[in-house]
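> Here's my sequence, what's the structure:
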Amino acid sequence: MAIDGDIKKAVHVKPKEEFDFFNDERVRSVFYQILTACVVGFCVWYLISTTAHNLEARGMSSGFGFLTSEAGFDTDFKLVEYVPGVGTYGDIFIIGMLNTLYISALAIIATTILGFIIGVLRLSNNWMISKAALAYVEIIRNTPLLIQVIFWYTGIFSLLPRIKNSLDLSGGSELILLNNRGLYMPWPVPGDLLWLTEATVVIVIIGIVVFKRWAKKKQDDTGQITGTFLPSAAAIILLPGAVYLMSGSPLGWDIPTLQGFNFQGGATVPPAFLALLVALIVYHTAHLAESVRAGILSVNRGQHDAAKALGLRQNRVFSLVVIPQAMPAIVPPMISLWMNVVKNSSLAIAIGYPDLVAVFMQTSLNQAGHAIEIVGMTMGFYMFVSLTISWLLNIYNKRVQLVER
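This next block holds a predicted model:
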């Protein structure tokens, strides 16, 4: 028995590990991390010190003090107040940044909506519709975006009628007018009590979100479908409308009127903005449509047939069964596409739209110098926007990845 006990102890005794500093995996891992950090740090120090030395040798100033200097030029499109000769290069940076974000946001929203529509039409049983969608996708995807931007600017919007022959897009009321100088439309002038209507809209939207979540939970628990579209539409229209009328309709409109050789008042959108916006939407819609089509095709056909067998209508099959299961395949390429919309908006420099590259990295750089600072700020802006888009959509992507196939 004693011998057996000694054998068991001998079996459970682990051999003593010898520590080898040069061959230990943990030591190598830490060593290579420290070595990499040192190399990167040296490269950064070398670039900064060499750049500073070269600037000093050429008598060129450096730093960000130029942002407070007065800028002596103006832009034909801006979302904030700016006076030439009074505003600074920092204001120009903000103007360019807002212009870039504004047109990118509009393009992303329209691209997402149209991309899903065209992607579904690509799978239509109607031969004419599916082939028309296919032709659109193939033609647009295989044409460079820069050529499309120039085409829309020089071939469409620059050839529109002149001021006196403006196209009336408001059905004869002359409120929305389009000509070769841009798009003219009324601009709202808020009154003192308009905040009541705005607050009502916010409250109604919150209520709609809660109502839809309740309807979804009820459907998950009982299988009973509660219609949410009509009640939500009625609430978002009737309740704020009632508050708006009861508060005395506190909203006026500044309407553009023809005075001399141009329209005065209202809001004006230049042709360069319209051309760039249309080109971005048309081009990226074709790319997103293919991602949507591929995502839908990745869903097993049996899912569609099972949903039809349960009695669901075709629109319900897509919204409740097919699209939720296709989203894990659609979202990753859509992240890259949204980032490309923002970065491709820099092609505005080809047609004169005052985005960040045009007004800051071109005009401001030519006047104020400071190329390194200006280029660095521009690169930092695009990197920040791209990382923000990636972060937000990756959060959504993690949620849709929970959908079972």
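> So which residues of the stretch 101-250 of the chain form strands?
Counting by DSSP state E, counting those that start in this stretch, one finds strands in the stretch 101-250 of the chain at the ranges 167-168, 177-179, 182-185, 187-190.
> Any chance of these in TSV with mean pLDDT, mean neighbour count and distance to residue 343 as columns?
All C-beta spots, glycine's among them, are computed from the backbone N, C-alpha and C. As requested, the strands of the stretch 101-250 of the chain are arranged in TSV below (pLDDT from 0 to 100; neighbours: other CB atoms under 10 Å; distance: least, CB to CB, whole Å):
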stretch	mean pLDDT	mean neighbour count	distance to residue 343
strand 167-168	86	12	32
strand 177-179	88	20	29
strand 182-185	88	22	25
strand 187-190	87	12	30
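> so which of these comes closest to residue 329?
Taking CB to CB, strand 182-185 is the member of the strands of the stretch 101-250 of the chain nearest to residue 329, at 37.4 Å.
> Kindly export the closest one (C-alpha atoms) in PDB.
Once non-C-alpha atoms are left out, strand 182-185 reads as follows in PDB (Å, rounded to 0.1, in the frame of the first residue of the first chain):
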ATOM      1  CA  GLY A 182     -28.800  77.400 -58.300                       C
ATOM      2  CA  LEU A 183     -32.000  76.400 -56.400                       C
ATOM      3  CA  TYR A 184     -34.000  79.100 -54.700                       C
ATOM      4  CA  MET A 185     -36.600  78.200 -52.100                       C
END
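> Pull the residues that contact it.
Here strand 182-185 makes contact (CB atoms under 8 Å, 6 or more residues apart in numbering) with 166, 175-178, 256, 263, 266-271, 273-274.
> returning to what we had before: figure out which of the strands of the stretch 101-250 of the chain is closest to residue 206.
The closest approach between residue 206 and any of the strands of the stretch 101-250 of the chain, judged by CB to CB, belongs to strand 187-190 at 21.9 Å.
> Could you name the helices and strands sitting against that closest one?
Contact here means 3 or more CB pairs under 8 Å, 6 or more residues apart in numbering; DSSP states H and E; on that basis strand 187-190 packs against strand 251-254.
> ok, then the element right after the strand it packs on?
Per DSSP states H and E, strand 251-254 leads on to strand 257-259 as the next helix or strand towards the C-terminus.
> Just checking: what are the partner strands of that next one?
Strand 257-259 has its sheet partners listed here by DSSP bridges as strand 262-264 (antiparallel).
> just how off-centre is the strand it pairs with within its chain?
Offset of strand 262-264 from its chain centre (CA atoms, centre = their mean, to the nearest Å): 32 Å.
> One more: stretch 87-97?
Averaging C-alpha positions (CA atoms, centre = their mean) puts stretch 87-97 21 Å from its chain's average.
> picking that back up, reformat the strands of the stretch 101-250 of the chain as JSON lines; add distance to residue 119.
Output for these, formatted as JSON lines (distance: least, CB to CB, whole Å):
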{"stretch": "strand 167-168", "distance to residue 119": "31"}
{"stretch": "strand 177-179", "distance to residue 119": "30"}
{"stretch": "strand 182-185", "distance to residue 119": "29"}
{"stretch": "strand 187-190", "distance to residue 119": "35"}
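> Fine by me, thanks again.
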